[in-house]
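Participant: pasting the sequence and the predicted model now:
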Amino acid sequence: MLAQAAAKLGLQCHVFSSEADACSFQVVQRTTLADFSDQAALEQFARDCDVITYEFENVPAAAAAFLAKRKAVLPDPGVLATTQDRLIEKNFVRNLKIATAPYAPVDDLAQLVAALAKIGTPAVLKTRRFGYDGKGQVKIRKPSEAAAAWQAVGEAPSILEGFVDFECEVSVIAARTGDGQVACFDVTENEHRNHILKISRAPARIPAALLAEAPRIAKRIAKAFDYVGVLGIEMFVVRRNRTPVLMVNEIAPRVHNSGHWTLDGATVSQFEQHIRAIAGWPLAKPVRIGRATMVNLIGAEVDDYARSLKVPGASVHLYGKGEGRPGRKMGHVTTIVVK
Ligand code: AMP
């Protein structure tokens, strides 16, 4: 989708992937299939590009640093060091005086027992690295489950988070340029099933004060990173003494699934905003053109795509990923209601 947005602006992409079936290979002419540790391949790739970006946060830090010595890599790979580690990320957010769930680092079972005593139950134990869509996460309902939970995360360095009894989950997709311009899309409300995003709705049905506060939080985070490109910030809406407030759950240093509705529901997509930002171009001012609902097609749900094709007004996106393994995001369908 980034490559398609670049093509719309007359820019060409060269995609580097370590996976032979990378779906972006289907839409660009210049491709490199190589491991992220292959320095000769990285070197050649850097030579062929004017600017380099990434669209998933687990790009090995060493590969990003190698490329950054040769060409501009945006957003700066330093952002990865923060967002690849849940503890560093949470500390970063807390240092900005932005609310998060209560949390504590856990490096061994004794620390987990102590953290449970401090934070209480229910709680969620999450590995610090390589967790997404609920992977590397386990809910702890009572303190006696500590040892089993520690085993379940493979005894990997983790954090314990207090379980947040949220009213809903929302996200902000923000774009920022090198000279500090920021443009946010309307706050999106997200519904997860089995920890995987299932439905995004824009605008979020939350109080006006929070609709204004969420982009302010996103801007503070983007500024603190001196971020260039698009980032997604996931937040919980929590009721505190009857007043709803926002807590940041996670920062995604990339275009985000909850922003896919912008392809059909806004005058500019998150993908185009990202390309504009990294190309050093001005951002567009996004205008939402209706009430948007995006539904992910997960695993075998994609087999039923023909039904979505028949829905009046629905826009169907299929990613060309091949096999619809359980839990894999295979496509999405967006509907826009214009009043
Ligand atoms: P994450 O990988 O941190 O984005 O978590 C995936 C999903 O798990 C979130 O979108 C929430 O639905 C749920 N979740 C994660 N952390 C918490 C928490 N501390 N309290 C309640 N639910 C959570």
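Facilitator: Noted; the coordinates are in hand.
Participant: contacts, neighbours, all on C-alpha from now
Facilitator: Will do.
Participant: near N194, how many other residues are there?
Facilitator: 9 (other C-alpha atoms under 10 Å).
Participant: would you mind measuring from it to the ligand?
Facilitator: Plainly put, N194 is 8 Å away from the ligand if you go by C-alpha to the nearest ligand atom, to the nearest Å.
Participant: who's in contact with that residue?
Facilitator: G134 (C-alpha atoms under 8 Å, 6 or more residues apart in numbering).
Participant: please apply the same query to K139.
Facilitator: Applying C-alpha under 8 Å, 6+ apart to K139 gives the contacts 122-125, 149.
Participant: quick check: of the residues you listed, which lies closest to the ligand?
Facilitator: Taking C-alpha to the nearest ligand atom as the measure, the ligand lies nearest V124 of the contacts of K139, at 5.8 Å.
Participant: how about the closest one, secondary structure?
Facilitator: Put simply, V124 is strand when judged by DSSP: H, G, I helix; E, B strand; the rest coil.
Participant: quick one: buried residues of stretch 111-123?
Facilitator: Of the residues in stretch 111-123, those buried under the neighbour-count criterion (16 or more other C-alpha atoms under 10 Å) are 112-113, 115-116, 119-123.
Participant: my bad, stretch 265-274
Facilitator: By neighbour count on 16+ other C-alpha under 10 Å, the buried set for stretch 265-274 is 265-266, 268-274.
Participant: a markdown table for the residues you listed, including distance to G313 and secondary structure?
Facilitator: As requested, the buried residues of stretch 265-274 are exported to a markdown table (distance: C-alpha to C-alpha, whole Å; DSSP: H, G, I helix; E, B strand; the rest coil):
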| residue | distance to G313 | secondary structure |
| --- | --- | --- |
| G265 | 12 | helix |
| A266 | 15 | strand |
| V268 | 19 | coil |
| S269 | 18 | coil |
| Q270 | 21 | helix |
| F271 | 22 | helix |
| E272 | 23 | helix |
| Q273 | 25 | helix |
| H274 | 27 | helix |
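Participant: ok, those vs F236, which is closest?
Facilitator: Ranked by distance to F236 (C-alpha to C-alpha), the buried residues of stretch 265-274 are led by Q270 at 21.5 Å.
Participant: touching, that closest one and N257? I think so.
Facilitator: No: counting by C-alpha atoms under 8 Å, N257 is not a contact partner of Q270; they are 10.0 Å apart.
Participant: am I right that P286 is in contact with A183?
Facilitator: Yes: assessed by C-alpha under 8 Å, P286 is found in contact with A183 at 7.4 Å.
Participant: direction included, what does the strand ranked longest in the chain pair up with?
Facilitator: In the chain, with assignment by DSSP state E, the single longest strand is strand 229-240. When pairs are called by DSSP bridges, strand 229-240 turns out to pair with strand 168-176 (antiparallel), strand 243-252 (antiparallel).
Participant: which residues touch the last one?
Facilitator: Here strand 243-252 makes contact (C-alpha under 8 Å, 6+ apart) with 57, 83, 89, 93, 98-101, 210, 214, 231-239.
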